[in-house]
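Visitor: next input, structure requested:
(one chain, ligands or ions: 1)
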Amino acid sequence: MCGIVAYVGHRQAHPLIVKGLKRLEYRGYDSAGIALLNDGLNVYKKKGKVSDLEAYLKDQTDLNSTIGIGHTRWATHGEPNDENAHPHYSATKNLAIIHNGIIENYASLKQELLNKGHVFDSETDSEVFIHFIEDIRRNNDLPLEEAVRVALTKVVGAYAIVIMDKDDPNMLIAARKGSPLVIGLGKNEFFLASDATPIVEYTNEVVYLNDYEIATIRDGILDIRNTDDVPTNPYITTLEMELEAIEKSGYDHFMLKEIFEQPRSISDCMRGRLNASNGHLVLGGIREYANKLEKAERIIMVSCGTSWHSCLVAEYFLEEYCRIPVEVEYASEFRYRNPIIKEGDVVIAVSQSGETADTLAAIELAKSKGAIIFGVVNVVGSSIARTSHEGAYTHAGPEIGVASTKAFTAQLIVLFMMGLMVARKKGTITDSRFHELLVEMEQIPNKVEEVLKTALQIEAIADTFKDASNFLYLGRGYNFPVALEGALKLKEISYIHAEGYPAAEMKHGPIALIDQEMPVVFIATRDSSYDKVVSNIQEVVARKGRVIAVVTKGDSLIPKMAEFVIEVPHTDESLMPLVSVIPLQLLSYHIAVMRGCNVDQPRNLAKSVTVE
Ligand code: G6P
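Guide: Numbering: from 1, shown residues only. Got it, this is the predicted structure:
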């Protein structure tokens, strides 16, 4: 969702900010804008892509400025258009703001300001916010940072903001609550952004702003204090991200690159943590609270989207090996239904971005009731990583394509490692089974590599089905959540309606949909429910449905029934989702490309959903 980029220093701000906004495009947005101090405080903004803004800027004469703020907006209050795009001016046009998040009490603030004669150019809560700040400043004759502080104690909602002042040309004020903000520290220059991707090519020293902190950068000095006006000591973190990780490196799309990166990202995730030859399995981030996990009477998992699917797979795994009951919850439902949480309950929160608003809120709720939170997160330093008691990073590297791929498989690896650690400690797994699974896990990168070799075959299948209007995905056991994930991938990027179901449930509804027009993807690898799935395939074939089956290499039965088969190497049943999901990622990718869809930035979707 919305992206922030700001700069103050000695370089030309506008090309740097535009480049930064392009790096944030993956988050999802529908308009973009920038404010510069060049002969006054000037705002340039456009509906559409950053390239539309760039084209518009080309027609401007003087863009000379070494300070600036830029924004990509994902519409919440008011449709995507030029007026609603950020930055927004204050009433006098002396201040400009960029804002991520939502001000929930904006309507009452707006009414108050309208009564005082304020006129608004947009429908946004963000414009109200900056008018409100200026109003406080003028009425009380306060320095801007103090007016911002007072305003923040009065607004309800989530925000990351950056403000510029026409009369203070070397100053930026930033603040956050609930929406991420990173400050990059250069030599006499500062870079601000929603995540580190726009910053990494200039500096690897960053400060992650915490909730309720206000940063004032004035004349090269960074001052951070909280909303009670108490100065805080900035904690400087060194970024480990490589520039190459956020570029396409010759691939047509980030999504394809990320699918093909999986052998490496899965290895990276296990590196130093798992070694089958000596039975080593340690997640360094889970120490102090490890016994809470082992003694848990139940585990609640909260997440959204693809991360929710990895939790469903983990439910099978944790229950099977740890013998602990697991409840998998959509974070958005969990938080609003007065859930039963006891002191000492364990919550595992799973998130690629670490910023998903619903997941964060579910964590806060569980924490307030005494639960211990374990975060399984990809983005280092993100809000969920910081608010969890303990956890483990997935180390998949930056995931730029909106449709999650490598983050999913890395989440599974971490959750499997967590499960095996607990099972071992509890004695709910035999030594031989434990070692067998470690050995199999080490083989997974090679097996994924093997599946990736079917890409051309999958492209041909995609060509056959690219014009379909519906798809069904069916699987059982560990492959049931894979069916859900396959369907989600397809609808996200190709806009084809797709549904995932447990194969046996087909008879209770979806079977009515089956005719010669309906492609049905079966995840039918050799496992304990293989025979049952074969029967389900027959039921579809009998109704002339068109079957595409993901099967274990060497299967001789299903190829006789299915129109298309994609072979994947054999692995342990409980690890199969790591392998069987890969063809489904490729299938949705190729179908979306053939339909001319914007694979990396599908319409209406955002990578990091920072509003509820
Ligand atoms: C958005 C993304 C999905 C993602 C979901 C959860 O909807 O488009 O790809 O699975 O958010 O995000 P998280 O970062 O918490 O895993």
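Visitor: the residue of the stretch 1-150 of the chain at minimum distance from the ligand and Lys177: what is the separation?
Guide: Using Cβ to the nearest ligand atom, Gly28 is the residue of the stretch 1-150 of the chain that sits closest to the ligand, at 7.4 Å. Glycine gets a C-beta too; all of them are placed from N, C-alpha and C. Note on Gly28: its distance to Lys177, by Cβ to Cβ, to the nearest Å, is 21 Å.
Visitor: identify the residues contacting the closest residue to the ligand within the stretch 151-300 of the chain.
Guide: Of all residues in the stretch 151-300 of the chain, Met255 sits closest to the ligand, with a separation of 10.7 Å (Cβ to the nearest ligand atom). Neighbouring residues of Met255 by Cβ atoms under 8 Å, 6 or more residues apart in numbering: Gly401, Ala403, Thr405, Ile493, Tyr589, Val599, Asp600.
Visitor: need the phi and psi values for the nearest residue to Glu329 once chain neighbours are set aside.
Guide: Leaving out its chain neighbours, the residue that sits closest to Glu329 by Cβ to Cβ, 6 or more residues apart in numbering is Val302, at 5.1 Å. The phi/psi pair for Val302 (degrees, to the nearest 10) reads phi -120, psi 140.
Visitor: isn't Val302 right up against Leu360?
Guide: No. Applying Cβ atoms under 8 Å as the test, Val302 and Leu360 come out as separate, 9.8 Å apart.
Visitor: pretty sure Met418 is in contact with Leu283, am I right?
Guide: Yes. Here Met418 lies in contact with Leu283, judged by Cβ under 8 Å, at a distance of 6.4 Å.
Visitor: give me the common contacts of these two.
Guide: With Cβ under 8 Å, 6+ apart as the test, Met418 and Leu283 both reach Ala392.
Visitor: just want to know which of those two has more residues nearby.
Guide: Comparing Met418 with Leu283 by other Cβ atoms under 10 Å, the one with more neighbours is Met418, at 25 against 19.
Visitor: quick one: residues contacting that one.
Guide: By Cβ under 8 Å, 6+ apart, the neighbours of Met418 are Leu283, Ile286, Leu293, Leu318, Ile348, Phe374, Val376, Ala392.
Visitor: roughly how far does it sit from Gly477?
Guide: Met418 is 20 Å from Gly477, by Cβ to Cβ.
Visitor: with neighbour numbers in mind, choose between Val302 and Leu360.
Guide: Val302 (33 against 25).
Visitor: over to the nearest residue to Gln60 once chain neighbours are set aside: give its phi and psi.
Guide: In space, and not counting its chain neighbours, Gln60 is closest to Tyr44: 6.6 Å by Cβ to Cβ, 6+ apart. Torsion angles at Tyr44 (phi, psi; degrees, to the nearest 10) stand at phi -130, psi 120.
Visitor: right, and Tyr44 touches Gly33 too?
Guide: Yes. Judged on Cβ under 8 Å, Tyr44 makes contact with Gly33 at a distance of 6.3 Å.
Visitor: what residues are up against Met171?
Guide: Counting by Cβ under 8 Å, 6+ apart, the residues that Met171 touches are Val8, Leu144, Met164, Asp165, Thr216, Ile217, Arg218, Asp219.
Visitor: how about the second one: what's its closest non-neighbour residue?
Guide: Spatially, and ignoring its direct neighbours in sequence, Leu144 is nearest to Asp165 (5.6 Å; Cβ to Cβ, 6+ apart).
Visitor: now do the contacts for the one you found.
Guide: Taking Cβ under 8 Å, 6+ apart as the test, what Asp165 contacts is Leu41, Asn94, Leu95, Leu144, Met171, Ile173.
Visitor: who's it bridged to?
Guide: Per DSSP bridges, residues listed as beta-bridge partners of Asp165: Leu95.
Visitor: how close does the residue nearest the centre of the chain sit to Thr306?
Guide: The centroid of the chain falls nearest to Ser353 when counting by Cα atoms, centre = their mean (3.5 Å). Remark: distance between Ser353 and Thr306 (Cβ to Cβ) = 11 Å.
Visitor: Glu146 too?
Guide: Distance of Glu146 to Thr306, computed by Cβ to Cβ: 43 Å.
Visitor: tell me which of these two has more neighbours.
Guide: For the pair Glu146 and Thr306, the greater number of neighbours falls to Thr306 (23 against 16), based on other Cβ under 10 Å.
Visitor: looking at it, that one is touching Ala410, isn't it?
Guide: No. Using Cβ under 8 Å, Thr306 is not in contact with Ala410, being 11.3 Å away.
Visitor: report how many residues lie close to whatever residue of the stretch 251-400 of the chain ends up closest to the ligand.
Guide: At 2.6 Å from the ligand, Gly305 is the closest residue in the stretch 251-400 of the chain, using Cβ to the nearest ligand atom. Per other Cβ under 10 Å, the neighbour tally for Gly305 reads 23.
Visitor: now do Asn188
Guide: When neighbours are counted by other Cβ under 10 Å, Asn188 comes out with 10.
Visitor: my guess is it contacts Leu222, does it?
Guide: No. Counting by Cβ under 8 Å, Asn188 stays clear of Leu222, with 11.3 Å between them.
Visitor: right, and Leu243 touches Thr203 too?
Guide: No. Leu243 is beyond contact range of Thr203, at 12.0 Å (criterion: Cβ under 8 Å).
Visitor: what residues are up against Ile300?
Guide: When contacts are taken as Cβ under 8 Å, 6+ apart, Ile300 is in contact with Val326, Glu327, Glu329, Phe334, Pro339, Ile341, Asp345, Val346, Val347, Ile348, Ala366, Ala371.
Visitor: again, only using 7 Å
Guide: By Cβ atoms under 7 Å, 6 or more residues apart in numbering, the contact list for Ile300 reads Glu327, Glu329, Asp345, Val347.
Visitor: equivalent analysis for Gln457, please.
Guide: Counted by Cβ under 7 Å, 6+ apart, Gln457 has contacts Ile566.
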